[in-house]
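In: need a structure here:
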Amino acid sequence: MFKPLKVAVIGSGLGGLSAAISLRRQGHNVTIYERRDFGGEVGASLSCASNGSKFLEEWDIDTSAAKPVILRSLVMHDWQSGEVTNRYGLGDYRAKFGTDYNNFHRIDLHVQLKETAVARGCELQVWHKADFLDPENGIVGFENGNTVQADLIICADGIRSQMREQMGIVPQIEPSTSCCYRCIISADRLRELGLEDFLHNEAIEFWGGKGIYKIVMSSCSNGDVVSCYCFYPAA
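Out: Numbering: from 1, shown residues only. Coordinates of the predicted model:
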């Protein structure tokens, strides 16, 4: 006989919400614990190829409400002149792979995942920053003094998770040889600069890319913004 588990998901980022939705679809009782209240959400673009977009469709995420730009091509530019050196068309991507190649603003996708999780019956608790974990007994403690017991605990509190460390999972992190600045440019600003074409070209565009120095740019959020990633050597 199926017995639903009591599941505690620590962290409500993209990974935590995805885990919560998937587990709830299997009939488990899921509570998500978030350390803040979503008031300071930030992010840049997030390209989602068929391997990710298929899950969004399977979970009945309202993809259109997440305001994606559907990518049609990849464009390469010369680093110094900016001239287009190559253009790779994605063709009929949906016919080949079963979904569109979606480019989201992280915040737009996060909102839809959160709304789907809650609508499906997941409970969301904000201002619950986990600071103690007893994995043997399934107990989580929070800075606000609350504690919970669960049959299954998902530690989705980021790449530098403190809770996974309390399970004895300590990643071996090495410094990267490159760093990245991210920025979001509004459609109005691009129009002022005469760069409106970048809003509507349905492409991920690269400048450079053969070494550490490169710029990656793409529109998202229904073409209302362009997201830029600027890579440079780490000091």
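
In: what residues go with each domain of the chain?
Out: 6-64+105-166, 70-103+174-233 (automatic domain parsing).

In: could those be laid out in JSON lines, adding mean pLDDT and mean neighbour count?
Out: The way it works is simple: take the backbone N, C-alpha and C, and place the C-beta from them, glycine included. Below are those laid out as JSON lines (pLDDT from 0 to 100; neighbours: other CB atoms under 10 Å):
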{"stretch": "domain 6-64+105-166", "mean pLDDT": "94", "mean neighbour count": "17"}
{"stretch": "domain 70-103+174-233", "mean pLDDT": "92", "mean neighbour count": "15"}
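
In: ok, longest helix in this structure?
Out: helix 106-119 (DSSP state H).

In: which residues in this protein form helices?
Out: 14-25, 50-58, 93-97, 106-119, 162-166, 187-192, 197-200.

In: Identify whichever of these lies nearest to residue 44.
Out: Of all the helices of the chain, it is helix 106-119 that lies closest to residue 44, at 6.3 Å by CB to CB.

In: now that closest one and helix 14-25, what's the angle there?
Out: Interaxial angle of helix 106-119 relative to helix 14-25 (axes from the mean of the first three to the mean of the last three CA atoms, to 10 degrees): 20 degrees.

In: Please find the angle between the direction vectors of helix 106-119 and helix 50-58.
Out: Using the same axes, to 10 degrees, helix 106-119 lies at 40 degrees relative to helix 50-58.

In: list the helices and strands helix 106-119 packs on?
Out: helix 14-25, strand 45-48, strand 123-125 (3 or more CB pairs under 8 Å, 6 or more residues apart in numbering; DSSP states H and E).

In: go again using 10 Å as the cut-off
Out: helix 14-25, strand 29-33, strand 45-48, helix 50-58, strand 102-105, strand 123-125, strand 214-220 (3 or more CB pairs under 10 Å, 6 or more residues apart in numbering; DSSP states H and E).

In: Next, format these as TSV and append distance to residue 87.
Out: What follows is these, written out as TSV (distance: least, CB to CB, whole Å):
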stretch	distance to residue 87
helix 14-25	30
strand 29-33	42
strand 45-48	17
helix 50-58	21
strand 102-105	17
strand 123-125	43
strand 214-220	14
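
In: Tell me which of those sits nearest to residue 173.
Out: Of all the helices and strands packed on helix 106-119, helix 14-25 comes closest under CB to CB, at 17.7 Å.

In: and the closest one, C-alpha only, in PDB?
Out: C-alpha atoms of helix 14-25 as PDB (Å, rounded to 0.1, in the frame of the first residue of the first chain):
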ATOM      1  CA  LEU A  14      14.400  26.600  -9.000                       C
ATOM      2  CA  GLY A  15      15.800  23.300  -7.800                       C
ATOM      3  CA  GLY A  16      13.800  23.200  -4.500                       C
ATOM      4  CA  LEU A  17      10.500  24.100  -6.300                       C
ATOM      5  CA  SER A  18      11.100  21.500  -9.000                       C
ATOM      6  CA  ALA A  19      11.700  18.800  -6.400                       C
ATOM      7  CA  ALA A  20       8.600  19.900  -4.500                       C
ATOM      8  CA  ILE A  21       6.400  19.700  -7.600                       C
ATOM      9  CA  SER A  22       7.800  16.300  -8.600                       C
ATOM     10  CA  LEU A  23       7.300  14.800  -5.200                       C
ATOM     11  CA  ARG A  24       3.800  16.300  -4.800                       C
ATOM     12  CA  ARG A  25       2.800  14.800  -8.100                       C
END
